[in-house]
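K.L.:
I would like to see how this sequence folds:
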Amino acid sequence: MSGRRTRPRILHLHSTFDAGGKELRTVRLINAWGKEVDHAIVSGDLEKRGAAHMIGKGPKISWPRFPALQGKPTPGRLKALAQAMAGYDLICTYNWGAIDAAMAHTVFADAFSLAPLVHHEDGFNEDEAKRLKRRRNWYRRIALGRAAALVVPSRTLEDIALRVWDQPRSRVRLIPNGIDTRAFAAPPKRDVFPGLLKHKDEFWIGSLAGLRAVKQQGVLVRAMEWQDEDWHLVIAGDGPERGALLAEAEARGVEDRVHLPGFVAEPQKAVGLFDIFALSSQSEQFPISVVEAMAAGLPVVAPRVGDIASMVASDNGPFLVDPGNERELARALTRLASDPEARRRIGRANRDKAREEFDERRMIERYRALYWGLMQKYPREAAPAGKA
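P.N.:
Numbering: from 1, shown residues only. Next up, the predicted model:
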């Protein structure tokens, strides 16, 4: 390829591209920019690319062949990663799963004339849910040495980036996640979940999350023992913990009131069926599902972790609980379940705050300013990109 390109090319490096928070945000940005940009997406696990189905028809997407994102950071492997990153106008890496690509950029950026790199950190997996690993903190400090920006969605992560990873203030960018809040205003259909119908005499405690151990959804299942018979639990998501959650529900005698309908591709059509939104994970930063619940006018019961306390309306504050206090979470659900007026009042306050502070238009504008600012030398002479 030679000459000048008509559109910039952004390379996205993900350990997986299943439908999680960072992947869905990437999809929102890709769809918002349409044909303005060409995107190359790498998923370290080729079997996990579920979020790709949500990309619209307008954007031009490629899936280049790429060296393994994980492995020992030997000079030869880092060099291969750097070579594969050549020829793009911006390089975006995401979370610990792509940190070796950031290291390769720091070591070989000059040798291969690499484009600016933006690293995104959205949270931690089970192995760092309670305590950050010292070796990883050290590695991040070095790997991000040439990053043009480090983007985080929460103030908690911003503090970690500055204080623990020793990143300069000029590099760290706080950009809260956003959604199309107005899309959650429409009344949902009662049969939106396949094989599950909400009856008129039922109330639903709902959650949107992958069925993974770090989400600790067994806490919600056990909390159903405390709820009246007309209350049901619906956890929308897929994952390896499905069998364990169903077994827990059966062991507690609430299997007829616990439902796992699977992944929901369009949460704006489903969240409004819930009467209370609940989270149980002790490792969250800025959960987009909480914003979706707020936009749908729901009260939220969750541990007081990450930025959740500052996300919800002040009226919702008394229903956030100490992390790890399972009984307190169950009691918060019971209090809200027995107080329909509080549910309506808190839901309205959450909806208003979501529309004011967390609409995706603000998020998209901030990402555009950052990305386009770093690509300000575009158009530039096209260089050979990584092998397609």
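
K.L.:
could you give the bridge partners of residue 179?
P.N.:
In this entry, residue 179 is beta-bridged to residue 359, by DSSP bridges.

K.L.:
right, and it touches residue 359 too?
P.N.:
Yes. With contact defined as Cβ atoms under 8 Å, residue 179 reaches residue 359; the gap is 7.3 Å. Just so you know, the C-beta spots here come from the backbone N, C-alpha and C atoms, and that holds for glycine as well.

K.L.:
which of those two has more residues huddled nearby?
P.N.:
Remark: of residue 179 and residue 359, residue 179 carries more neighbours, 23 against 17, as counted by other Cβ atoms under 10 Å.

K.L.:
separation between the more buried one and residue 293?
P.N.:
According to Cβ to Cβ, to the nearest Å, residue 179 stands 11 Å off from residue 293.

K.L.:
how about residue 186?
P.N.:
Applying Cβ to Cβ, the value for residue 186 to residue 293 is 15 Å.

K.L.:
more neighbours, these two?
P.N.:
Counting neighbours by other Cβ under 10 Å for residue 186 and for residue 293 shows that residue 293 has the greater number, 31 against 11.

K.L.:
once you drop chain neighbours, what's closest to that one?
P.N.:
residue 277 (3.5 Å; Cβ to Cβ, 6 or more residues apart in numbering).

K.L.:
kindly report the same for residue 67.
P.N.:
Here the residue nearest residue 67, using Cβ to Cβ, 6+ apart, is residue 80, at 4.5 Å.

K.L.:
report the buried residues of stretch 325-334.
P.N.:
By 16 or more other Cβ atoms under 10 Å, the buried positions in stretch 325-334 come out as 326, 329, 330, 331, 332, 333, 334.

K.L.:
how about these in CSV, adding pLDDT, secondary structure and distance to residue 42?
P.N.:
Formatted as CSV, the buried residues of stretch 325-334 follow (pLDDT from 0 to 100; DSSP: H, G, I helix; E, B strand; the rest coil; distance: Cβ to Cβ, whole Å):
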residue, pLDDT, secondary structure, distance to residue 42
326, 95, helix, 39
329, 97, helix, 38
330, 97, helix, 42
331, 97, helix, 45
332, 98, helix, 41
333, 98, helix, 41
334, 97, helix, 46
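
K.L.:
would you check which pair of those lies furthest apart?
P.N.:
326 and 334 (12.9 Å; Cβ to Cβ).

K.L.:
please, where are all the helices along the stretch 101-250 of the chain?
P.N.:
Secondary structure of the stretch 101-250 of the chain (DSSP state H, counting those that start in this stretch): helices at 134-143, 155-163, 218-223, 242-251.

K.L.:
the third one - what's its average pLDDT?
P.N.:
What that stands for is helix 218-223. The average pLDDT within helix 218-223 is 96.

K.L.:
can you check the first one too?
P.N.:
Per-residue pLDDT values across helix 134-143 average out to 96.

K.L.:
sort out which residues of that helix are buried, please.
P.N.:
Buried-residue list, helix 134-143, by 16+ other Cβ under 10 Å: 136, 139, 140, 143.

K.L.:
quick check: closest non-adjacent residue to the first one.
P.N.:
Right, the one you point to is residue 136. Nearest to residue 136 is residue 96, by Cβ to Cβ, 6+ apart, at 6.6 Å.

K.L.:
which secondary structure elements does the longest helix along the chain contact?
P.N.:
Determined from DSSP state H, the single longest helix within the chain is helix 340-357. Where contact means 3 or more Cβ pairs under 8 Å, 6 or more residues apart in numbering; DSSP states H and E, helix 340-357 is packed against helix 288-295, helix 326-337.
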